[in-house]
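>>> Any chance you could fold what I've pasted below:
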Amino acid sequence: MSRVFSPRSLAPTCPVCQRTSRWITAAFGWCGDCLRGLFADASARVRAIHTDSRTEFDLPIQPPRTQGGVRCTLCANECVIGEGERGFCNLRTVRQGKLVHLAGTPARGLLHWYRDPLPTNCVADWVCAGSAQRGAHNLAVFYASCTMNCLYCQNWHYREISPDRHETLSATELAAAANARTFCVCYFGGDPASQMPHALASAKLFAQRGVRVCWETNGTMHPKLLDAAVHYSLSTGGCIKFDLKAYDESLHLALTGVSNRRTLENFARAARRFGERPEPPLVVASTLLVPGYVDENQVGKLARFIASFDPRIPYALLGFAPNFYLSDLPCTSARQAHAAENAARAAGLVNVHIGNRHLLNGE
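Modelled structure (predicted):
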């Protein structure tokens, strides 16, 4: 199946509830309400689309659970990898009974980086200290691997990068890229959760150079690795930005292929420390408003969860643009964005922001 679904002139119909809406993607074929409510019935279709999206790039279809294999605990997937197999992130294998890291170590990071002039389109741009640093730049570190399989990934091209065919960069080499105009570094991707030993090693060096350390992550790393990430952000004036994709686990599984349990647990772990430095905010949350699937209902649930730790935690609601396997959906409508904003505020949050406004359509 092609990774790109062409826009359709006719709105599709959900086979379950018979509702017709252009907010139904061909990837699932079901509307968001039926997908959430009857996920067990839709699970075969969901597995098939995730299988297609992984097979196309020769990636492991799901986290391996090989009997007698070696367990990797770096992220929530906790792959149990057999001899010669690859973990879900494609960066770990087993040779002669031992776990081997093909990348993601302090000596080998699979990534590219660039200098992004400030102010930039940071998820936290409306509360970020870097937004006032004109003339300086952010060092954007793009990790070419991930612990999830988001069907709407805007950076899906990382799947074409392999530790077998592409060069790596050590943490020391990466940190050497900082210069007098480097105000902050932000780790994203893909996702830094798949290469935290490398990211943390370089973060230590950046911190020593006076660079603010920020993260943009799905939050699936081991809790101890999260604690280290929070430490560098807290001590340098940076922030950790959690991409909360959905609250209901069934919807999260459909959209990303993995559970959101570790993400929510790690967000809670970091959010409990928000009061240690609320300004500039230590923790920021964001959610991409996927039309028909991630709506004000999901946003309201996420916002109540966030507000339970501190209502001041900033929450960015991001406009969606068609991409990857959800390329047949429209952009987020202005009406949906404002409904989500109202839901977040009604749930108790006081610092809610609509981002990517240029993507909103006028509906």
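
>>> Return the distance of L251 relative to F324.
17 Å (Cβ to Cβ, to the nearest Å). Heads up, the C-betas are built off the backbone N, CA and C, glycines and all.

>>> Also R45?
17 Å.

>>> Please say which of these two ends up with more neighbours.
The neighbour comparison of R45 against F324 (other Cβ atoms under 10 Å) goes to F324, with 20 against 15.

>>> The more buried one reaches Y152, doesn't it?
Yes. Taking contacts as Cβ atoms under 8 Å, F324 lies within contact range of Y152: 5.7 Å.

>>> Please name the residues that touch the closest residue to S145 other than its chain neighbours.
The shortest distance from S145 to any non-neighbouring residue, by Cβ to Cβ, 6 or more residues apart in numbering, is to S194 (4.2 Å). Going by Cβ atoms under 8 Å, 6 or more residues apart in numbering, S194 touches 74-75, 89, 91, 104, 143, 145-147.

>>> for the biggest helix by length in the chain, what is the average pLDDT?
For the chain, the longest helix by residue count, based on DSSP state H, is helix 39-55. For helix 39-55, the mean pLDDT works out to 95.

>>> any idea which helix or strand comes after it?
strand 70-71 (DSSP states H and E).

>>> And the following helix or strand past that next one, what does it pack against?
Using DSSP H and E, the next helix or strand after strand 70-71 towards the C-terminus is strand 80-81. The contact analysis (3 or more Cβ pairs under 8 Å, 6 or more residues apart in numbering; DSSP states H and E) places strand 80-81 against strand 70-71, strand 92-95.

>>> Let me have those strands in JSON lines, adding mean pLDDT as columns.
JSON lines is the format used below for those (pLDDT from 0 to 100):
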{"stretch": "strand 70-71", "mean pLDDT": "98"}
{"stretch": "strand 92-95", "mean pLDDT": "98"}
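
>>> ranking the ones you listed by burial, who's on top?
strand 92-95 (a mean of 19; mean count of other Cβ atoms under 10 Å).

>>> tell me which strands and helices that one is in contact with?
strand 80-81, strand 98-101.

>>> Run the chain-centre distance for that strand.
25 Å (Cα atoms, centre = their mean, to the nearest Å).

>>> again with stretch 234-246
On Cα atoms, centre = their mean, the centre of stretch 234-246 falls 11 Å from the chain's centre.

>>> Same check on stretch 36-52?
Averaging C-alpha positions (Cα atoms, centre = their mean) puts stretch 36-52 21 Å from its chain's average.

>>> How many residues are close by the closest residue to G135 other than its chain neighbours?
Nearest residue to G135, sequence neighbours excluded (Cβ to Cβ, 6+ apart): R181, at 7.0 Å. Neighbour count of R181, defined by other Cβ under 10 Å: 13.

>>> Pull the contacting residues for the closest residue to T73 other than its chain neighbours.
Distances taken as Cβ to Cβ, 6+ apart put H222 closest to T73, at 5.9 Å, once the chain neighbours are dropped. The contact partners of H222, by Cβ under 8 Å, 6+ apart, come to 73-75, 196.

>>> ok, so of those, who is nearest H50?
Taking Cβ to Cβ as the measure, C75 is the one of the contacts of H222 closest to H50, at 17.2 Å.

>>> From S259, how far off is the closest one?
12 Å.

>>> do S308 as well
20 Å.

>>> More neighbours: which of the two?
S259 (16 against 13).

>>> For stretch 111-120, which residues meet the burial criterion?
With burial defined by 16 or more other Cβ atoms under 10 Å, the residues of stretch 111-120 counted as buried are 111, 113, 116, 118-120.

>>> Keeping just the C-alphas, turn that stretch into CSV.
C-alpha atoms of stretch 111-120 as CSV (Å, rounded to 0.1, in the frame of the first residue of the first chain):
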residue,chain,number,x,y,z
LEU,A,111,21.2,12.2,13.6
HIS,A,112,21.7,15.4,11.7
TRP,A,113,21.7,18.9,13.2
TYR,A,114,21.3,22.4,11.9
ARG,A,115,21.4,26.0,13.2
ASP,A,116,17.8,27.4,13.5
PRO,A,117,17.8,31.2,13.9
LEU,A,118,15.8,32.5,16.8
PRO,A,119,13.0,33.1,17.2
THR,A,120,11.9,29.8,15.6
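
>>> Can you list the buried residues in stretch 213-230?
213-222, 225-226, 228-230.

>>> show me where the chain has strands.
Using DSSP state E, the strands found in the chain span residues 70-71, 80-81, 92-95, 98-101, 111-117, 137-143, 182-189, 212-217, 240-243, 283-289, 315-319, 352-355.

>>> Pipe those strands into JSON lines and attach distance to N342 per row.
Listed next are the strands of the chain as JSON lines, based on distance: least, Cβ to Cβ, whole Å:
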{"stretch": "strand 70-71", "distance to N342": "44"}
{"stretch": "strand 80-81", "distance to N342": "44"}
{"stretch": "strand 92-95", "distance to N342": "44"}
{"stretch": "strand 98-101", "distance to N342": "46"}
{"stretch": "strand 111-117", "distance to N342": "32"}
{"stretch": "strand 137-143", "distance to N342": "31"}
{"stretch": "strand 182-189", "distance to N342": "29"}
{"stretch": "strand 212-217", "distance to N342": "26"}
{"stretch": "strand 240-243", "distance to N342": "22"}
{"stretch": "strand 283-289", "distance to N342": "13"}
{"stretch": "strand 315-319", "distance to N342": "10"}
{"stretch": "strand 352-355", "distance to N342": "9"}
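
>>> closest one to C34 among those strands?
Of the strands of the chain, nearest to C34 by Cβ to Cβ is strand 283-289, at 19.2 Å.

>>> Which residues outside the closest one are in contact with it?
Contact with strand 283-289 is made by 123-124, 127, 152, 239-246, 267, 270-271, 273-274, 294-295, 298-299, 302, 306, 313-320, 332, 336-337, 340, 355, as judged by Cβ under 8 Å, 6+ apart.
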